[in-house]
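Chemist: here is a sequence with its predicted model. Questions after.
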Amino acid sequence: MLNKIGVISDLHGSLKDTKNVLEILEGTTDLLICAGDILYHGPQNRIPENYNPEKVAELINKFPKRIIFARGNCDAEVDQTLIKYPILQDISFVFIEKVHIAITHGHKIPNNNFDQFGSDNKINILVTGHTHIPLIENFAWGIHLNPGSIALPKNGFSKSYALINIENGKFNAEIKEMK
């Protein structure tokens, strides 16, 4: 059985970008993972184009596939009142075909030691966000995947998301630029 997982992070309330990525992922994935920073742009980020947190929440709530979230540093308890899925856990775990996935925004991993975190938690895929920079790192235990940001990319990168494919206990991931 093939499982296709869409991975997004750092939406920061951008209605246009959220709509675009959800339209892409709706027909091509079985599950959606969001590594946080959903509605609020945060004090250190510019307000994204087409900023509309309430409408972003509506799009998320209407998305026809299951979504698993982790809390970002810009996510607050008040955001939970708009979104039907649990969004306030610092770490979420998913098991699919013997593949253990941990989702966290990344800002609370001690010393940004993703290798140690993955090893200690015996995971195969660690999904983070926070940096707004897409990344796939290979480790002995598996991969660290950061999909980048769909709304506010940094360091010259394009807006991006990621895809994970899991089949028969094996997995691969790729970063996709948004158009």
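Modeler: Sure, I can see it. Residues are numbered from 1 along each chain as shown.
Chemist: which element, helix or strand, includes Glu23?
Modeler: Per DSSP states H and E: Glu23 is located in helix 15-26.
Chemist: Ser149 too?
Modeler: Following DSSP H and E, there is no helix or strand that holds Ser149.
Chemist: next one: the one 5 residues further on
Modeler: No secondary structure element spans Lys154, as it lies outside all helices and strands (assigned by DSSP H and E).
Chemist: what does the pLDDT read for the nearest residue to it once chain neighbours are set aside?
Modeler: Setting aside the residues directly before and after it, Lys154 is nearest to His132 in space (Cβ to Cβ, 6 or more residues apart in numbering), at 4.1 Å. C-beta coordinates here come from the backbone N, C-alpha and C atoms, glycine included. Reading off the confidence values, His132 has pLDDT 97.
Chemist: would you confirm that His132 contacts Gly148?
Modeler: Yes: the pair His132 / Gly148 is scored as a contact, 6.2 Å apart, by Cβ atoms under 8 Å.
Chemist: and the two? which has more neighbours close in?
Modeler: Neighbour count, other Cβ atoms under 10 Å: between His132 and Gly148, Gly148 has more, with 29 against 23.
Chemist: any idea how far the more buried one is from Ile166?
Modeler: From Gly148 across to Ile166, the span is 21 Å (Cβ to Cβ, to the nearest Å).
Chemist: now Leu11
Modeler: Computed as Cβ to Cβ, the Leu11 to Ile166 distance reads 24 Å.
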